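>>> no FASTA, just this:
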């Protein structure tokens with residue numbers, strides 16, 4: 001694996017690509033008392049105009065109606081507070097803030113919910129939309145889509161950051177540039193206010209001041225979620241803002257690094273954040289940190305023991321972005337962004353994307369967090385991912401090992417050779433199918449000893465590894481059941497994995 005310093009630099013570059021000039025904070029105002037949940041601000045909710053395009057940005061390309069879901073969009077308007085550090089911030093995440101400046105804002109909520117209230121499970125997942133690609137994306141919706149829709153969650157995407165509303169360096173100049181008729185009235189004062197905007201979004205779902213975005217659904221559990229750059233903001237939110245706002249019942253921090261986002265919203269202030277930035281352990285609500293193989297080198301410095309309020313999973317054979325998330329989300333992105341949709345930009349002829357078990361893990365993590373936040377059992381702890389790889393399979397050692405890794409048919413890695421590729425290519429990991437079937441081992445030799453994707457090795461031959469199809473299926477079934485028993489895989493996903501093994505031609 002590459003050195004932690006190199007991976008950290010790559011992660012930081014990718015997740016802050018094209019960062020906009022954020023609002024410069026004024027001098028701090030006197031501290032304000034921390035409001036209770038009942039006192040948290042609920043912004044005014046309105047319905048946006050139709051606009052020239054006739055649908056919201058990032059509207060789902062799939063037919064949600066056929067799945068029993070409906071999609072709608074709302075504006076939230078209010079006054080947001082920025083925060084400033086109070087006291088010394090250390091690596092333990094026990095950070096305090098004081099209220100600083102206030103500014104008017106208007107942003108939007110994209111809502112997907114069950115049509116039938118009887119099918120709503122009571123949990124709303126509120127995702128901090130990711131803007132690393134200079135447009136808004138919803139990566140965790142795509143990773144956990146199966147679990148969200150089959151189990152009756154509601155999902156809400158929040159336009160929390162300025163670049164999503166006002167635009168950055170991309171071809172699409174934010175929501176306002178994409179459809180001025182629909183979004184021209186939006187106002188985002190800068191990412192210093194993003195934290196409170198996100199708090200108010202959650203409060204709007206609990207106590208709507210205007211049309212109810214959830215259509216009368218009764219909220220039992222409100223989960224905050226963010227992936228990649230958004231996960232950095234989620235870490236700071238949980239550590240510093242949640243103790244003040246107390247809006248959310250739990251946090252999903254997916255693919256963060258060892259450095260949290262600055263409370264000021266100023267990109268340069270990342271250098272002033274504690275390294276490493278761990279999750280505070282005295283929260284009254286749970287925090288679930290899920291790391292892919294791509295993330296671990298840049299996040300390992302922030303490892304901490306699991307507690308009754310913080311749990312970490314490190315997933316072997318997974319990537320920061322992967323084939324599943326790309327295939328699930330790309331039709332939606334293309335529908336809104338067309339040719340301006342951000343692309344991985346991998347060089348022609350390079351390895352295909354990782355198609356490992358990341359989505360299975362996110363399905364399980366979401367259900368475990370929802371149960372945990374309602375007072376259920378804490379999710380099981382997982383083993384740490386190793387920097388070492390199996391010399392025969394090329395798979396990373398350690399970590400949570402779902403059937404794709406425990407009973408492998410290909411090499412899956414969170415890294416890849418990015419020579420001649422775009423900035424985002426390295427986040428999609430790689431896969432190397434095992435195609436040799438004549439010799440006991442098929443030598444994999446890419447001619448580049450520095451290539452992190454697939455180090456030169458003897459490649460397994462499937463027919464030798466799994467002499468019979470029945471034997472292969474039996475091993476997959478056992479691995480799936482072991483993962484279910486351990487709490488890392490959901491039973492319905494285990495069934496799908498075993499069915500895919502049965503339908504394959506692997507073995508013999």
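That came through fine. None of these values were measured; they are calculated from a predicted model. Residues are numbered from 1 along each chain as shown.

>>> what's the residue closest to the geometric middle of the protein?
residue 227 (2.5 Å; C-alpha atoms, centre = their mean).

>>> Assess the claim that it and residue 129 are in contact.
No: if you go by C-beta atoms under 8 Å, residue 227 and residue 129 don't touch, sitting 9.8 Å apart. Just so you know, the C-beta spots here come from the backbone N, C-alpha and C atoms, and that holds for glycine as well.

>>> Return, as residue ranges, the portions of the protein with sub-threshold pLDDT.
For the chain, applying pLDDT under 70 flags the ranges 1-40, 436-453, 455-457.

>>> Let's see that with 90 instead.
Residue ranges of the chain with pLDDT under 90: 1-41, 169-170, 343, 417, 423, 435-461, 508.

>>> For the stretch 351-500 of the chain, which segments count as strands?
Assigned by DSSP state E, counting those that start in this stretch, the strands in the stretch 351-500 of the chain fall at 385-389, 396-398, 410-413, 430-433, 441-444, 457-460.

>>> Buried residues, the third one. List them.
By neighbour count on 16 or more other C-beta atoms under 10 Å, the buried set for strand 410-413 is 410-413.

>>> neighbouring strands for that strand, and are they parallel or not?
Partners of strand 410-413 in the sheet, by DSSP bridges, are strand 430-433 (antiparallel).

>>> Identify the residues contacting the strand it pairs with?
By C-beta atoms under 8 Å, 6 or more residues apart in numbering, the surrounding residues in contact with strand 430-433 are 319, 323, 350-356, 394, 409-413, 415-417, 444, 453-454, 459.

>>> what's the answer for stretch 170-178, then?
Under the criterion C-beta under 8 Å, 6+ apart, residues 18, 53, 57, 108, 133-136, 159, 163-168, 182-184, 186, 336-337, 339-340, 342 lie in contact with stretch 170-178.

>>> Show the end-to-end separation of that stretch, please.
One end of stretch 170-178 to the other measures 11 Å (C-alpha to C-alpha, to the nearest Å).

>>> swap in stretch 145-162?
26 Å.

>>> Excluding chain neighbours, what is closest to residue 330?
residue 341 (7.3 Å; C-beta to C-beta, 6 or more residues apart in numbering).

>>> which ones are touching the one you found?
Counting by C-beta under 8 Å, 6+ apart, residue 341 touches 135, 330, 333-334.

>>> Restricted to helices, list the contacts of stretch 170-178.
163-166, 182-183, 336-337 (DSSP state H).

>>> Neighbours of residue 59, how many?
Counted with other C-beta atoms under 10 Å, residues neighbouring residue 59 total 17.

>>> can you check residue 169 too?
There are 11 residues near residue 169, going by other C-beta under 10 Å.

>>> just residue 475 next, same as before
By the other C-beta under 10 Å criterion, the neighbourhood of residue 475 contains 17 residues.

>>> ditto for residue 42
18.

>>> Sticking with it, tell me its helix or strand.
Per DSSP states H and E: residue 42 is located in neither a helix nor a strand.

>>> gap between it and residue 206?
Applying C-beta to C-beta, to the nearest Å, one obtains 7 Å for the distance of residue 42 from residue 206.

>>> and what of residue 489?
Residue 489 is 32 Å from residue 206, by C-beta to C-beta.

>>> Counting neighbours, go ahead and name the busier of these two.
It is residue 489, of residue 489 and residue 206, that has more neighbours when counted by other C-beta under 10 Å, with 24 against 16.

>>> out of everything not next to it in sequence, what's closest to the more buried one?
Nearest one to residue 489, counting by C-beta to C-beta, 6+ apart, is residue 483 at 3.7 Å.

>>> Domain ranges for this structure, per the record?
Annotated domains of the chain cover 4-343+358-373, 404-503 [automatic domain parsing].

>>> so which of these is the most packed in?
Of all those, domain 4-343+358-373 has the most neighbours on average by mean count of other C-beta atoms under 10 Å, namely a mean of 21.

>>> what distance separates that domain from the centre of its chain?
Centroid displacement of domain 4-343+358-373 relative to its chain, using C-alpha atoms, centre = their mean, to the nearest Å, is 9 Å.

>>> need the strands for the stretch 1-150 of the chain, in chain order.
44-46, 69-86, 96-114, 123-128.

>>> if I pick the residue nearest to residue 180 when sequence neighbours are not counted, what's in contact with it?
Using C-beta to C-beta, 6+ apart and skipping residues adjacent in sequence, the residue nearest residue 180 is residue 52, 7.7 Å away. Residue 52 is in contact with 179-182, counting by C-beta under 8 Å, 6+ apart.
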